[in-house]
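>>> 3D, please:
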Amino acid sequence: MAIVFALPRLYDAVVARFAAEGTLVPHAFGWLAPAEQMHGLTRVTWTPGDPNGSLGAITGPKYVGQNPRQLATLAELVTIEINAFDPTSSSDERAQYQAVREVLDAELRAVHLAAVGTYQILSATWVGGDRGRRMGATIRIVLSVQAPLLDLAIAIAPADTGAAIDLHELDVTESIDVPPPSP
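Numbering: from 1, shown residues only. Below you'll find the model as predicted:
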């Protein structure tokens, strides 16, 4: 069974709420997502850590007496960048402000509904850019999510593991056996 950590679980819940409510704003998760081109695009990116690369603080367990036992709590940080662009009024800064605030409100509502009581907004800032060529507006939020560190052994495949692979392509099926590496 794969472990699903608190941060990806929250991200998935927010994306699912946007989809269920028909809010058409694409989301991306990862370190490369903010660097991708986004001229005139409305989107939300989630990057693990804060802008300085901090993972977050590790404190004592919040919920004792559970099985598996909680050893500690990671206040895991995530940087959420909300970019919005109103193409109907590309030179109207008030329209761009309105567009990004609407996405911000929807994002924070989805976060709250998925993680009430287990998150904290640490900072929210406007992201400036070239004032002469700005397209839309951007808000950056740093959020802390409570992530339990559990007393669980993580199962990792031993180094002497082989594999049986079935490949299906068009109307051909091929089976491949990959033996374990020789010592």
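>>> Break down the chain into its helices, ranges please.
6-21, 93-115 (DSSP state H).
>>> would JSON lines of those helices with distance to Ser54, mean neighbour count and mean pLDDT be doable?
Backbone N, C-alpha and C define where each C-beta goes, glycine included. Output for those, formatted as JSON lines (distance: least, Cβ to Cβ, whole Å; neighbours: other Cβ atoms under 10 Å; pLDDT from 0 to 100):
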{"stretch": "helix 6-21", "distance to Ser54": "14", "mean neighbour count": "16", "mean pLDDT": "96"}
{"stretch": "helix 93-115", "distance to Ser54": "19", "mean neighbour count": "17", "mean pLDDT": "95"}
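>>> Quick check: the gap between the spatially closest residue to Glu36 that is not a sequence neighbour and Gln66.
Leaving out its chain neighbours, the residue that sits closest to Glu36 by Cβ to Cβ, 6 or more residues apart in numbering is Ala28, at 7.5 Å. Separation of Ala28 from Gln66 (Cβ to Cβ, to the nearest Å): 33 Å.
>>> The two: who's more crowded?
Neighbour tally, Ala28 and Gln66, criterion other Cβ atoms under 10 Å: the higher count belongs to Ala28, 17 against 12.
>>> need the contact list for that one.
If you count contacts by Cβ atoms under 8 Å, 6 or more residues apart in numbering, Ala28 has them with 36, 43-46.
>>> List the beta-bridge partners for the residue nearest to Glu36.
Ala28 has these beta-bridge partners by DSSP bridges: Thr45.
>>> wait, Ser99 sits on Thr88?
Just to correct that, residue 99 is Ala rather than Ser. No. Using Cβ atoms under 8 Å, Ala99 makes no contact with Thr88, being 9.6 Å away.
>>> need the helix or strand of the chain with the lowest average pLDDT.
strand 163-169 (a mean of 72; mean pLDDT, DSSP states H and E).
>>> Which elements pack onto that one?
strand 172-178 (3 or more Cβ pairs under 8 Å, 6 or more residues apart in numbering; DSSP states H and E).
>>> And the contacts of the strand it packs on?
162-167.
>>> now do stretch 117-131
6, 10, 50, 75, 77, 81, 108, 111-112, 137-146.
>>> show me the contacts for the nearest residue to Val64 once chain neighbours are set aside.
Nearest-residue entry for Val64: Gln70, 6.7 Å, with adjacent residues in sequence omitted and distances by Cβ to Cβ, 6+ apart. By Cβ under 8 Å, 6+ apart, the contact set of Gln70 is 61-64, 148-151.
>>> partner residues bridging Gln70?
Going by DSSP bridges, Gln70 forms beta bridges with Leu150.
>>> Would you mind measuring from it to Thr42?
Using Cβ to Cβ, we find Gln70 at a distance of 38 Å from Thr42.
>>> Check the nearest residue to Leu143 once chain neighbours are set aside and give its pLDDT.
Among residues not flanking Leu143 along the chain, Val78 sits closest, at 5.2 Å (Cβ to Cβ, 6+ apart). At Val78, the model reports a pLDDT of 97.
>>> Perfect, that will be all.
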